[in-house]
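>>> predicted model and sequence below, questions to follow.
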Amino acid sequence: MTWLKHTYKTQLPKSLYSVQAPEFVSNPEMVLYNKALAEELGVEEYLKEEEKALAYLSGNETVPESEAIAQAYAGHQFGHFNLLGDGRAVLLGEMKTGKGLYDLQLKGSGKTAYSRRGDGRATLYSMLREYLISEAMHALRIPTTRSLSVVKTTDAVYREQTHEGGILSRVAASHIRVGTFEYARYFGEAGDLQELLEYTIQRHYPELKDHQNQALALLQTVMQKQKALIIDWLRVGFIHGVMNTDNMAISGETIDYGPCAFMNAYHPNTVFSSIDTQGRYAYGSQPKMAYWNLRVLANALLPLIDKEEEAAKEKAQEVLNQFPEDFSKAYFEMMCHKLGIANPVEEDRPLVEDCLGYLIEYKVDYTNFFTALRRGGELIDKLRKEEVFETWYTKWEKARVRESSVAESDALMKQNNPVIIPRNHLVEEVLKAGASGDMQSFHTFLEELSSPYEDTFSIQVVPANFDSDYRTYCGT
């Protein structure tokens, strides 16, 4: 009996996917296998034989009774609309777990109907990167796709230079994106958009099934999910780097870890992605871009919101108008929690704004600041020598014990502020070693990142001037 279901293929129109087997790879070798995740999903028993697991997760052998597909979708990439699709990934099927269905996708598995001029492959380096960052994000308590395995192959992958190939097994609540709805609206056949809406609600939000306006309810729900997700990104200094609509999951998970990075010294204009030359997806621009993407989703859903286009636009805009104020409130609350203020009041707003202003002025590390603020030490002692910061510090000390004890405030700060994050320089170090065959430092770092809020860790030190030359790449 197969352990994979195929509701995407059996319940959705054929225009939304292409049947696509993975391409055969040479000399596959299991480099990483996430046994804990396999056990959590309840699929460990199907992968306990190493040879079978390697065959399935490399794509060299088909899971019994399964048939892989590549999903079709469109997307606005840096604001420009394109016809896209899974150009280097296939969906093996969906695993039935205690938490519902979860997609099992192979990334880097070869050419598909949507590859255009691409080779459909991925480098070992880039797949190790997604495994590391996605698992780190999970440990940071941020909704994310997960990584089940990385398989190395001896097939050459050509980018700026020749690399060994890598195949990632990605686990997601689903791979339905804003771009999937764009595709159904603008490239699908009559009825495709309605069927996609019904499937998405059944898969992710069954509580919306009896809503009198399902499309509008979905927009509202996805908006709340995205608001919470971006708040979490900002909380830990995460910069996605490529917030195109094809990389915005309807489930509210973080998806696609190509050019992502973590901010060191605080500045809202921080950007590391080599392809984001205009700073469209800079750290501080992510809320605005989430709103932009939600507007795209609303446009795709218009025919289902109301038969009259103008009425549909008005209804959609009424929902979208909630985002700026809701986000502002949620962001303020999150920042107050980082500062250990349990019950924020409006008078705390200048405290947050001034704090961020000082971080910019003094080029202070974002993650280290909040840890040091709770722990004390050299970083805070140095800042307190500045009169304006000492004034702020005195106000902060009073605000955080307004309705709480110092111990309660410290506990709140610890809960919301990681001590360690996947520092860019450390990520590059372990990936370089891993791609060269030495996985020891990778495993050590991954283990550390599994407990990012623990006080056993010292403050991380970033090499001087590292950020000025650091760039991330999408890997395609």
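Alright, I've got the coordinates.
>>> going forward, measure contacts between C-alpha atoms and count neighbours the same way
Will do.
>>> wait, Pro22 touches Gly87, no?
No. Between Pro22 and Gly87 there is no contact, the gap being 11.5 Å when judged by Cα atoms under 8 Å.
>>> identify the contacts common to these two.
Lys111 (Cα atoms under 8 Å, 6 or more residues apart in numbering).
>>> so where is the stretch 1-150 of the chain shaky, pLDDT-wise?
1 (pLDDT under 70).
>>> buried sites along the helix or strand containing Ala300?
Per DSSP states H and E, Ala300 falls inside helix 286-305. For helix 286-305, the neighbour count (16 or more other Cα atoms under 10 Å) marks 286-287, 289-305 as buried.
>>> stretch 422-437 now?
422, 424, 426-427, 430-432, 434-435.
>>> as TSV, those residues with pLDDT, distance to Glu160 and secondary structure would be great.
TSV is the format used below for the buried residues of stretch 422-437 (pLDDT from 0 to 100; distance: Cα to Cα, whole Å; DSSP: H, G, I helix; E, B strand; the rest coil):
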residue	pLDDT	distance to Glu160	secondary structure
Pro422	98	25	coil
Asn424	97	20	helix
Leu426	98	22	helix
Val427	98	20	helix
Val430	98	20	helix
Leu431	97	17	helix
Lys432	96	15	helix
Gly434	97	19	helix
Ala435	95	15	helix
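>>> and the helix or strand where Glu429 lies, how far from the chain's centre?
For Glu429, the host element (DSSP H and E) is helix 424-435. Remark: helix 424-435 is offset 20 Å from the chain centroid, using Cα atoms, centre = their mean, to the nearest Å.
>>> check which helices and strands it sits against.
Contacts defined by 3 or more Cα pairs under 8 Å, 6 or more residues apart in numbering; DSSP states H and E place helix 424-435 against helix 124-139, helix 440-449.
>>> can you say which of those helices is nearest to Gln212?
helix 124-139 (35.0 Å; Cα to Cα).
>>> all strands of the stretch 51-200 of the chain, in order?
Per DSSP state E, counting those that start in this stretch, the stretch 51-200 of the chain carries strands over the ranges 69-71, 74-77, 80-83, 89-97, 100-107, 146-158, 162-172.
>>> so for Val401, which of those sits nearest?
Nearest to Val401 among these is strand 146-158; the distance by Cα to Cα comes to 38.3 Å.
>>> list the pairing partners of that closest one within its sheet, with orientation.
Here strand 146-158 has these sheet partners by DSSP bridges: strand 29-33 (antiparallel), strand 162-172 (antiparallel).
>>> got JSON lines for those strands, with mean neighbour count and distance to Gly120 too?
Shown next, in JSON lines, are the strands paired with strand 146-158 (neighbours: other Cα atoms under 10 Å; distance: least, Cα to Cα, whole Å):
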{"stretch": "strand 29-33", "mean neighbour count": "18", "distance to Gly120": "19"}
{"stretch": "strand 162-172", "mean neighbour count": "24", "distance to Gly120": "11"}
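>>> export the ones you listed to CSV and tack on distance to Glu408?
Output for these, formatted as CSV (distance: least, Cα to Cα, whole Å):
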stretch, distance to Glu408
strand 29-33, 39
strand 162-172, 35
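>>> for Phe370, which of those is the nearest?
Phe370 lies closest, by Cα to Cα, to one member of those: strand 162-172, at 31.4 Å.
>>> show residues contacting the closest one.
Identification of contacts with strand 162-172 by Cα under 8 Å, 6+ apart yields 57-58, 102-109, 121-128, 131, 144-157, 253, 435.
>>> quick check: angle from it to helix 424-435?
With axes from the mean of the first three to the mean of the last three Cα atoms, to 10 degrees applied, the angle from strand 162-172 to helix 424-435 works out at 110 degrees.
>>> ok, back up a step: could I get the helices and strands packed on helix 424-435 as JSON lines with mean neighbour count and distance to Glu387?
Output for those, formatted as JSON lines (neighbours: other Cα under 10 Å; distance: least, Cα to Cα, whole Å):
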{"stretch": "helix 124-139", "mean neighbour count": "23", "distance to Glu387": "37"}
{"stretch": "helix 440-449", "mean neighbour count": "16", "distance to Glu387": "36"}
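>>> quick one: those as JSON lines, columns for distance to Leu229 too.
JSON lines is the format used below for the helices and strands packed on helix 424-435 (distance: least, Cα to Cα, whole Å):
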{"stretch": "helix 124-139", "distance to Leu229": "11"}
{"stretch": "helix 440-449", "distance to Leu229": "20"}
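>>> and the top helix by length along the chain, how far out from the chain middle?
The helix that spans the most residues within the chain, counting by DSSP state H, is helix 214-236. With Cα atoms, centre = their mean as the basis, helix 214-236 stands 13 Å off its chain's centre.
>>> returning to that earlier point: and the buried ones among the contacts of strand 162-172, selectable in PyMOL?
The buried subset of the contacts of strand 162-172, as determined by 16+ other Cα under 10 Å, is captured in PyMOL by this line:
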select buried, resi 57+58+102+103+104+105+106+107+108+109+121+122+123+124+125+126+127+128+131+144+145+146+147+148+149+150+151+152+153+155+156+157+253+435
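>>> centre-most residue in this protein?
Closest to where the C-alpha atoms of the chain average out (Cα atoms, centre = their mean) is Thr254, at 2.1 Å.
>>> my read: it touches His138, true?
No. Applying Cα under 8 Å, one finds Thr254 not in contact with His138, separated by 9.7 Å.
>>> what sits in contact with each of these two?
Thr144.
>>> now the farthest one out in this structure, which residue is it?
Largest centre distance within the chain, by Cα atoms, centre = their mean: Glu387, 39.5 Å.
>>> ok, now how distant is it from Arg375?
From Glu387 across to Arg375, the span is 21 Å (Cα to Cα, to the nearest Å).
>>> for Glu51, same thing?
49 Å.
>>> repeat that for Leu304.
53 Å.
>>> same deal with Thr10?
55 Å.
>>> compare those two (neighbour count), which wins?
Arg375 (12 against 9; other Cα atoms under 10 Å).
>>> local confidence estimate at the more buried one?
Model confidence at Arg375, expressed as pLDDT, equals 97.
>>> how much space separates it from Arg117?
Applying Cα to Cα, the value for Arg375 to Arg117 is 53 Å.
>>> can you check His204 too?
34 Å.
>>> neighbour count for the two, which is higher?
For His204 versus Arg117, neighbours defined as other Cα under 10 Å are more numerous around His204 (16 against 8).
>>> tell me the pLDDT at the more buried one?
97.
>>> need the nearest residue in space to it, chain neighbours excluded.
Leaving aside its sequence neighbours, His204 sits nearest to Ser251 (Cα to Cα, 6 or more residues apart in numbering; 6.7 Å).
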